[in-house]
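[1] Predicted model and sequence below, questions to follow.
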Amino acid sequence: MTSTTATTPIGATAEVELTIGGMTCASCAARVEKKLNRMDGVTATVNYATERAKVSYAQGVLVTDLIATVVKTGYTAEEPPPPRIETPDAEEADAEEAVERDPELSSLRERLTVSVLLALPVVLLSMVPALQFDNWQWLALTLAAPVVVWGGLPFHRAAFTNARHGAATMDTLVSVGTLAAFGWSLWALFFGDAGMEGMRDEGFSLTVSRTEGSSAIYLEVAAGVVALILLGRYLEARSKRQAGAALRALMELGSKDVSVVRDGREVRVPVTALAVGDRFVVRPGEKVATDGTVVEGSSAVDASMLTGESVPVDVTVGSAVTGATVNAGGRLVVEATRVGADTRLARMARLVEDAQNGKAQVQRLADRVSGIFVPVVLLIAVGTFGGWLGVTGDTAAAFTAAVAVLIIACPCALGLATPTALMVGTGRGAQLGILIKGPEVLESTRRVDTVVLDKTGTVTTGRMTLQEVYAADGTDEERVLRLAGALEHASEHPVARAVAEGAEARTGPLAAVEGFENVAGLGVRGTVEGHAVLVGRARLLEEAGIALPEELVAFKARAEEDGRTAVAVAWDGTARGVVTVADAVKETSAEAVRALRALGLRPVLLTGDNRTVAESVARAVGIDPADVIAEVLPRDKVDVIERLRGEGRTVAMVGDGVNDAAALATADLGLAMGTGTDAAIEASDLTLVRGDLRVAADAIRLSRKTLSTIRGNLVWAFGYNVAALPLAAAGLLNPMIAGAAMAFSSVFVVTNSLRLRAFS
């Protein structure tokens, strides 16, 4: 997000995010969005669940202009403050406690508690004739009045504000309905027969059947509906804050201060004072302050809070570490490479926040419906009153049916259906190391039928590693590896590094080399432990007059058929063995391919390597050789994706390198390994923070689960309103039942979305 000052115009297009206050339903969000989009050069998206507006605006528009437009519409707007730095106690507090401390929620809970305590006796007196005593109705009025006036004040205030701006929202329906019921009751009590001593109400009824004439009172409707809707509003607000808890937790993961090394001394400074190039100390148990490279020490780092991976990762000098991860072992000195908004944690939080502020196509339809819903309901209520009065002549029954229509018609469930599921789904994804860029990504995952896997760094580790050592008869394998590793240690070639690292790991410290010589394109030679050693291609040995024995030739041929690189080893004029290296397949890749198949996806392996190597990797992970596309130049990967799409396939692409970025952007769904390059991550739709291909299957499952939750919410929300309005208009719903059903509809949608928090 690019934030701007409130007084400086922006050249070209800029973006700002505004916090919108005063919205109480989806139709409020639709009004604000509509007003902002009417401004020249402004494109806005308003999200009711997150209470945020994401606004793009052109040159000449000021942020103050945007805020003024929102205020004129009847709401408040401001730029959100930077993430709040919590105290350690607050940081460690349980998410539930953080929700409960919310001042807005506390105020709503207080209003709800008082309203329920006063409304409950009113409801019981009105609906249970056995409890009614002489003049009970006056006690009911005394108890109901504070509920309607004070308890319902937020609804009345919002309805009045909206009316001043020529608009109607869900608050209008609640306010008009409850005040009408209360006003009728006052008229009946003071000017009708309801105030007479000995008056009795017939009690609870599911339908509009009521005491006729001027003795009918609706105090239980006025008080009960206010209490029920306050309950629904409280549960909805509480659930919405729980839905966003994952993002808030992500934003608060970072360190607050750090020990920086300056002039040989450690100085404790706020983490905001860190600059690129600063060296800072991370002691055991401390968080890494920012992204950097280890320059001293070795340890194990717990990155589970960012990647979802529970096993700590070993780091040493030269290893990259990520801010907010925890040092689980020894003391480290780290050189900062990224600070502030450029860190991996900040970018993750930004991606999640952008996703939560977006809107899927299905939500845009719901917003359009919500925008016209309230005026239509007001017309239906008037029509219901007139219809009942004309057909039955029963004013009380007509009034009851009209109030039921007003009370039950709440568009909140429609407005909450998508954003709450999106908030919970993206937040849960962040906890598991899966970053979903936007709601449109969810719709893409449902259609995908083919997943293209880049080989190097995605299916394989991306670096050469030692595989096997084969010694000729009469020669010790360990000695072959020790001498070959010592000589290769002096070379910078990737194959040489793999042999040297493998030898050091298996045999211990390597011996010194004398007279080292690199033979371009063939290998290396030198003296190790007094022996003249040759390591490289068979041709290097042949040129030295050394022939490979049959057994070494056969082993070398088998290794190369399996896609491994074979290196011959000789010393003192005799071939002694063959060492093989390869870009090793990740241990989890085969399991990942099985998981992708279980999702109905067809895996395809894409690589620039030769077909022999590619098919060897494909066999190892369970990909059909017919689905191997090998010897593809980086610039041709886009052509492969387009060809597959031209065959009618919907293609997902998983990659990690710079040369994968264009293909990731071209695919219907791009998944970037978080261990890869920034270019690949920026071009993708989903980022897998952990470098584990299994997470690709998890990401697709989570996306599909989130989308199915959204659809379930929308089916419920649309179905509820389609079914409830005719029932209310037909007189088949008591207003109390209507109020309870309306409150339940919003709570159902939010709690259904919260089930995504259990995704694993």
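    Received it, and whenever you're ready, just let me know what you need.
[2] looking at the protein, which residue ends up farthest from its center?
    Relative to the centre of the chain, the most outlying C-alpha is that of Gly545, 63.5 Å out, by Cα atoms, centre = their mean.
[3] ok, for that one, nearest residue in space, not its chain neighbours?
    Gly573 (7.6 Å; Cβ to Cβ, 6 or more residues apart in numbering). Backbone N, C-alpha and C define where each C-beta goes, glycine included.
[4] Run a quick neighbour tally on that neighbour.
    Neighbour count of Gly573, defined by other Cβ atoms under 10 Å: 11.
[5] residue ranges with poor pLDDT in the stretch 301-450 of the chain?
    Within the stretch 301-450 of the chain, the ranges that satisfy pLDDT under 70 run 304-311, 348-371, 410-416, 438-439.
[6] Buried residues in the helix or strand that contains Val123, which are they?
    Using DSSP states H and E, Val123 sits within helix 103-127. Residues of helix 103-127 classed as buried: 105, 108-109, 111-112, 114-116, 118-123, 125-127 (neighbour count, 16 or more other Cβ atoms under 10 Å).
[7] Also stretch 52-72?
    For stretch 52-72, by 16+ other Cβ under 10 Å, it's 52-55, 57-58, 61-63, 66-67, 69-70.
[8] Roughly how far does the most centrally placed residue in the chain sit from Glu542?
    In the chain, the centroid-proximal residue (Cα atoms, centre = their mean) is Thr426; its distance is 1.6 Å. Distance of Thr426 to Glu542, computed by Cβ to Cβ, to the nearest Å: 60 Å.
[9] what does Lys705 give?
    The value you get for Lys705 to Glu542, if Cβ to Cβ is used, is 60 Å.
[10] again with Asp342
    For Asp342 relative to Glu542 (Cβ to Cβ), the value is 53 Å.
[11] next one: Leu143
    Taking Cβ to Cβ, one finds Leu143 at 104 Å from Glu542.
[12] of these two, who's got more company?
    Between Leu143 and Glu542, counted using other Cβ under 10 Å, the more crowded position is Leu143 (19 against 14).
[13] relative to helix 103-127, how tilted is the host helix or strand of the more buried one?
    Using DSSP H and E, Leu143 sits in helix 136-146. Per axes from the mean of the first three to the mean of the last three Cα atoms, to 10 degrees, the angle that helix 136-146 makes with helix 103-127 is 170 degrees.
[14] shift numbering so it begins at 372
    Okay, residue one is now 372; in that scheme the one you just asked about reads as helix 507-517.
[15] What is the next helix or strand along the chain from helix 507-517 packed up against?
    Beyond helix 507-517 on the C-terminal side, the first helix or strand identified by DSSP H and E is helix 524-535. Counting contacts by 3 or more Cβ pairs under 8 Å, 6 or more residues apart in numbering; DSSP states H and E, helix 524-535 is packed against helix 541-562.
[16] The helix it packs on - contacts with which helices or strands?
    Helix 541-562 packs on helix 507-517, helix 524-535, helix 590-614, helix 732-763, helix 766-779, going by 3+ Cβ pairs under 8 Å, 6+ apart.
[17] Tell me if I am right that Ile391 is in a strand.
    Yes: Ile391: assigned to a strand according to DSSP: H, G, I helix; E, B strand; the rest coil.
[18] Measure how buried it is and give me the count.
    Using other Cβ under 10 Å: Ile391 sits among 24 other residues.
[19] try the one 5 residues further on
    Under the neighbour criterion other Cβ under 10 Å, Cys396 is assigned a count of 28.
[20] same question, Val1022
    By other Cβ under 10 Å, neighbour count at Val1022 equals 25.
[21] cool, and Ile600?
    Neighbour tally, Ile600, other Cβ under 10 Å: 30.
[22] if I read this right, it contacts Val545, doesn't it?
    Yes: counting by Cβ atoms under 8 Å, Ile600 touches Val545, with 5.7 Å between them.
[23] okay, and the common contacts of those two?
    Phe526 (Cβ atoms under 8 Å, 6 or more residues apart in numbering).
[24] buried ones in the helix or strand containing Thr816?
    Here Thr816 is covered by helix 810-818, with elements defined by DSSP H and E. Across helix 810-818, burial judged by 16+ other Cβ under 10 Å covers 810, 812-816.
[25] Check stretch 966-976 too.
    Buried-residue list, stretch 966-976, by 16+ other Cβ under 10 Å: 966-967, 972-976.
[26] I'd like the distance between Asp1039 and Val1011.
    For Asp1039, the distance to Val1011 equals 14 Å [Cβ to Cβ].
[27] cool, Thr831 as well?
    18 Å.
[28] Comparing the two, which residue is more hemmed in?
    A side-by-side neighbour count of Thr831 and Val1011, using other Cβ under 10 Å, places Thr831 first with 24 against 18.
[29] contacting residues around the more buried one?
    954-957, 960, 988.
[30] rerun at 7 Å
    Residues in contact with Thr831 (Cβ atoms under 7 Å, 6 or more residues apart in numbering) are 954-957, 988.
[31] now the helices for the stretch 572-721 of the chain?
    590-614, 616-622, 675-678, 715-728 (DSSP state H, counting those that start in this stretch).
[32] and the first one, what does it pack onto?
    It refers to helix 590-614. If contacts are counted by 3 or more Cβ pairs under 7 Å, 6 or more residues apart in numbering; DSSP states H and E, helix 590-614 sits against helix 466-471, helix 474-498, helix 507-517, helix 541-562, helix 783-802, helix 1106-1125.
[33] which one of the ones you listed has the most crowded surroundings?
    With neighbours taken as mean count of other Cβ atoms under 10 Å, the helices and strands packed on helix 590-614 reach their highest mean count in helix 783-802, at a mean of 29.
[34] Packing partners of it?
    Helices and strands touching helix 783-802, by 3+ Cβ pairs under 7 Å, 6+ apart, are helix 397-408, helix 590-614, helix 616-622, helix 715-728, helix 732-763, strand 805-807, helix 1065-1100, helix 1106-1125.
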